[in-house]
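# Requesting a structural model of the entry that follows:
(one chain, ligands or ions: 1)
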Amino acid sequence: MVEGPCCILTNNMKNTLVIGSGISGLTMALLLAQRGRKVILVEKLPFIGGYLNRFSRNGFRFDTGLHFTGGFGNVLSDMLEILNLQDVVKPAPIRTNVVLSDCGCDITLPSNGIPALAEALSAYFPKYADCIRKYYEAEQDVIRHTPVFDVKNYRQADFVAQMTEYDALTMQEFLCQNGLDAPELQAILPIMSLCHGTPPVEAPFSYHCRCSCGLDAQVSAIQHGGDAFINGFRREFARHNVQILTATTIERLQFHETQPICTHATLSNGQTFEVDEIYFAIHPSSYLPLLPERFLTPQFKRRTRNLKPTCSFFTIYGWLDNEVRAPNSLTFFLQSSNLNCILTPGHLMTHFSTGMVTSNDKMNGHTTFTAFRTMFPEDAESICGCNGDDYRGNARYLNFKQQFTELILNDVYQVYPHYKGHLHVVEAASPMTCRRFSPPVGSAYGTRQLIGNARTAGRLPVENCHALGHHVQFPGILGCMLGAFQEAMP
Ligand SMILES: Cc1cc2nc3c(=O)[nH]c(=O)nc-3n(C[C@H](O)[C@H](O)[C@H](O)COP(=O)(O)OP(=O)(O)OC[C@H]3O[C@@H](n4cnc5c(N)ncnc54)[C@H](O)[C@@H]3O)c2cc1C
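Modelled structure (predicted):
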């Protein structure tokens with residue numbers, strides 16, 4: 001299906017293909033088009049947006065993979081300005097709580113900068129005050145030494161990659177070496193691991209900080225959620241003549257006879273394009289089979305073999321009737337404070353976290369409520385037995401959905417007992433649903449960033465092919481946009 005401005009460009013420019021239209025692909029397509037490239041955005045599903053997509057039930061609009069973000073007033077605002085989306089993507093305030101069920105701990109996190117957060121937590125845990133301040137100073141130090149956060153001035157050509165001490169130790173090692181041994185702190189300080197998906201024992205400290213600093217400084221909701229992004233990108237694509245092909249994927253590539261360069265791409269709709277560059281904003285297992293064996297080094301193959309997915313989510317969606325007033329809020333409810341178990345498979349019933357978001361989008365007329373519980377697809381499969389595509393009407397799957405909807409509601413009522421009788425659930429989505437909307441894996445944050453195991457980001461062994469997105473760079477809306485900026489910078 002061809003969407004949008006069906007322009008026939010008459011010059012002889014080769015095509016730049018962006019494969020996958022989640023936030024990574026959308027950002028990349030627009031950055032390239034702004035520079036005058038002839039861009040074709042190719043999306044497998046009948047609609048663009050990936051996890052940015054919202055859906056409607058009972059007249060309410062619900063977000064799937066975008067509930068909150070960091071970076072407003074900072075790097076996100078800079079990127080929105082460059083993309084000319086600042087008038088459509090706007091922040092809304094949101095209050096953030098952490099509830100640790102096993103430690104009996106309920107804390108509100110301030111949302112006015114990292115120094116305020118450090119002071120608030122130091123006041124909660126006075127015995128650890130110095131160590132807590134040191135932790136946040138180190139986090140800010142990492143950001144100061146990460147040039148891409150200065151998106152307005154960053155130039156890839158000026159950047160020389162340098163290992164720092166923070167790249168060589170894990171988040172968990174940093175906590176232990178700095179005396180941060182209280183179980184509550186081992187959950188609260190790295191709480192934003194739940195927003196990138198790599199457990200503290202695996203994540204380099206620097207990676208964790210790059211993903212978490214925006215959220216630690218300020219969590220914001222987004223007015224009209226994913227709709228704001230998708231509508232804004234559509235407007236800009238029309239201005240910059242980006243061609244959108246939905247319900248289409250890439251089928252075959254042709255290469256230069258002697259050099260590792262892709263010359264042509266054939267799509268599932270039968271069209272063949274002469275290629276300038278290709279950006280794959282999809283899971284590596286979907287495009288690596290298209291690259292010729294002769295170009296793939298053993299190191300590259302080892303790196304891609306070792307990719308491990310992050311968790312996915314089981315999500316319930318509902319609305320609150322007028323008997324209950326609830327401002328925008330985000331609650332991290334941790335049934336167990338062991339983030340390492342929560343973020344690795346095999347702990348489905350014993351270690352999990354449920355994120356709970358109340359949202360007041362004017363267009364909904366009521367407060368909507370979303371709760372998402374960490375879950376790995378393989379753990380879900382062990383209960384519902386669904387490992388193919390044909391599962392939706394299946395009785396075992398429906399039972400599984402019913403069972404976990406009730407379990408999540410139990411968590412919700414522990415935190416919000418006054419919602420009982422006033423929260424009306426209208427939909428549930430499992431890791432299998434995520435897999436349909438972000439094929440072929442359905443992980444929430446792509447692949448985990450394991451210390452000592454570089455991923456496949458950037459230029460691939462075929463010189464004019466690049467890897468993008470949360471499988472290979474940073475996850476989350478902010479992280480994926482930043483990854484695209486990094487790759488697009490001259
Ligand atoms: C339940 C849930 C809640 C989340 N909440 C938040 C949040 O509040 N804040 C936040 O920042 N992040 C959140 N995330 C994470 C965030 O949504 C993702 O990290 C981010 O959207 C990933 O973007 P992406 O562009 O890399 O991939 P995706 O959004 O997965 O997009 C990939 C696109 O590529 C398409 N595609 C796949 N294969 C092919 C192919 N072979 N050919 C063509 N197209 C293909 C897919 O159909 C899809 O449209 C959440 C995720 C989930 C699942």
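# how long is stretch 20-40 from one end to the other?
One end of stretch 20-40 sits 11 Å from the other (C-alpha to C-alpha, to the nearest Å).
# mind checking how far that stretch is from the chain centre?
Relative to its chain's centre, stretch 20-40 lies at 18 Å (C-alpha atoms, centre = their mean, to the nearest Å).
# Pretty sure residue 123 sits in a helix.
Yes - the assignment for residue 123 (DSSP: H, G, I helix; E, B strand; the rest coil) places it in a helix.
# List, one by one, the residues from the stretch 101-250 of the chain near the ligand.
Within the stretch 101-250 of the chain, the positions lying close to the ligand (C-beta under 6 Å from any ligand atom) are 249-250. (Glycine included, C-beta is placed from N, CA and C.)
# just the strands in the stretch 101-250 of the chain please.
Along the stretch 101-250 of the chain, the stretches classed as strands by DSSP state E, counting those that start in this stretch are 105-109, 220-222, 243-245, 250-255.
# what packs against the third one?
Yep, that's strand 243-245 we're talking about. Strand 243-245 sits against strand 2-3, strand 39-42, with contacts defined as 3 or more C-beta pairs under 8 Å, 6 or more residues apart in numbering; DSSP states H and E.
# pLDDT of it, averaged?
Strand 243-245 shows a mean pLDDT of 98.
# how distant is it from the center of its chain?
On the basis of C-alpha atoms, centre = their mean, strand 243-245 sits 23 Å off its chain's mean C-alpha point.
# Please name the nearest non-neighbouring residue to residue 236.
Using C-beta to C-beta, 6 or more residues apart in numbering and skipping the chain neighbours, the partner closest in space to residue 236 is residue 30 (5.4 Å).
# And for residue 245?
Spatial nearest neighbour of residue 245, excluding adjacent residues (C-beta to C-beta, 6+ apart): residue 42 at 5.1 Å.
# Neighbours of that neighbour, how many?
Neighbourhood size, residue 42 [other C-beta atoms under 10 Å]: 29.
# Next: residue 435.
Neighbours of residue 435 under the rule other C-beta under 10 Å: 19.
# any idea how far residue 378 is from it?
Using C-beta to C-beta, to the nearest Å, we find residue 435 at a distance of 11 Å from residue 378.
# Check residue 103 too.
Between residue 103 and residue 378 the distance is 29 Å, computed by C-beta to C-beta.
# What residues does residue 346 make contact with?
Counting by C-beta atoms under 8 Å, 6 or more residues apart in numbering, residue 346 touches 376, 379.
# and it, what helix or strand is that in?
For residue 346, there is no host helix or strand (DSSP states H and E).
# how many other residues sit next to residue 331?
Per other C-beta under 10 Å, the neighbour tally for residue 331 reads 21.
# And it, which helix or strand is it part of?
Residue 331 belongs to strand 329-334 when elements are defined using DSSP H and E.
# Report whether the stretch of helix or strand residue 274 belongs to contacts the ligand.
Taking DSSP H and E as the criterion, residue 274 maps to strand 272-280. No - using C-beta under 6 Å from any ligand atom, strand 272-280 stays clear of the ligand, coming no nearer than 8.4 Å.
# before we move on, back to that, quick one: which of the helices and strands packed on strand 243-245 has the weakest pLDDT on average?
Of all these, mean pLDDT reaches its minimum on strand 2-3 (a mean of 53).
# Could you look up the next helix or strand downstream of that one?
Helices and strands here follow DSSP H and E; after strand 2-3, the next one along the chain is strand 15-19.
# in its sheet, what does that following strand sit against?
Partners of strand 15-19 in the sheet, by DSSP bridges, are strand 39-42 (parallel), strand 272-280 (parallel).
# The shortest one and the ligand, are they touching?
Yes - Strand 39-42 comes into contact with the ligand when judged by C-beta under 6 Å from any ligand atom, the residues involved being residue 42.
# Which residues does that strand contact?
Under C-beta under 8 Å, 6+ apart, the answer for strand 39-42 is 15-21, 25-26, 29, 32-33, 48, 237, 240-245, 248-250, 267, 273.
# ok, how many other residues are close to residue 76?
24.
# for residue 347, same thing?
By other C-beta under 10 Å, neighbour count at residue 347 equals 17.
# can you check the one 10 residues further on too?
Here the neighbour count serves as a burial measure; for residue 357 (other C-beta under 10 Å) it reads 19.
# What is the least confident helix or strand in this protein?
Within the chain, no helix or strand scores below strand 2-3, which has a mean of 53 by mean pLDDT, DSSP states H and E.
# In stretch 216-235, which residues are buried?
216-222, 224-230, 232-234 (16 or more other C-beta atoms under 10 Å).
# now do stretch 118-138
118-122, 124-125, 128, 131-132, 134-136, 138.
# what sits up against that stretch?
Stretch 118-138 is contacted from outside by 107, 109-110, 114-115, 117, 166, 174-175, 178-180, 182, 184-185, 188-189, 205, 209, 216, using C-beta under 8 Å, 6+ apart.
# Could you pull up phi and psi at the closest residue in space to residue 429 that isn't next to it in sequence?
Among residues not flanking residue 429 along the chain, residue 315 sits closest, at 4.7 Å (C-beta to C-beta, 6+ apart). Main-chain dihedrals, residue 315, degrees, to the nearest 10: phi -120, psi 140.
# can you check residue 465 too?
Per degrees, to the nearest 10, the backbone of residue 465 is at phi -120, psi 140.
# residues contacting it?
For residue 465, the contact set (C-beta under 8 Å, 6+ apart) comprises 262, 277-280, 287, 291, 459.
# Would you reformat those residues as CSV and include pLDDT and neighbour count?
Shown next, in CSV, are the contacts of residue 465 (pLDDT from 0 to 100; neighbours: other C-beta atoms under 10 Å):
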residue, pLDDT, neighbour count
262, 97, 23
277, 97, 19
278, 98, 24
279, 98, 27
280, 97, 28
287, 93, 20
291, 94, 19
459, 86, 13
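# The ligand: which of these is nearest?
Within those, proximity to the ligand (C-beta to the nearest ligand atom) peaks at residue 287, which comes in at 7.0 Å.
# For the closest residue to the ligand within the stretch 301-450 of the chain, list the residues it contacts.
Going by C-beta to the nearest ligand atom, the ligand is nearest to residue 438 of the stretch 301-450 of the chain, at 3.2 Å. Contacts for residue 438 (C-beta under 8 Å, 6+ apart) come out as 22, 50-51, 65.
# Any idea how many residues pack against residue 293?
7.
# mind saving the C-alpha coords of stretch 288-305 as CSV?
Extracted in CSV, the C-alpha atoms of stretch 288-305 (Å, rounded to 0.1, in the frame of the first residue of the first chain):
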residue,chain,number,x,y,z
LEU,A,288,20.8,-10.3,8.7
PRO,A,289,19.7,-13.2,6.4
LEU,A,290,19.6,-10.7,3.6
LEU,A,291,23.3,-9.9,3.9
PRO,A,292,25.8,-12.2,2.0
GLU,A,293,27.8,-14.5,4.2
ARG,A,294,31.0,-13.4,2.6
PHE,A,295,30.7,-9.9,4.2
LEU,A,296,30.0,-11.1,7.7
THR,A,297,33.0,-11.4,10.0
PRO,A,298,33.1,-14.0,12.8
GLN,A,299,33.1,-11.2,15.4
PHE,A,300,30.0,-9.7,13.9
LYS,A,301,28.2,-13.1,13.8
ARG,A,302,29.2,-13.8,17.4
ARG,A,303,27.8,-10.4,18.5
THR,A,304,24.5,-11.0,16.8
ARG,A,305,24.2,-14.6,18.1
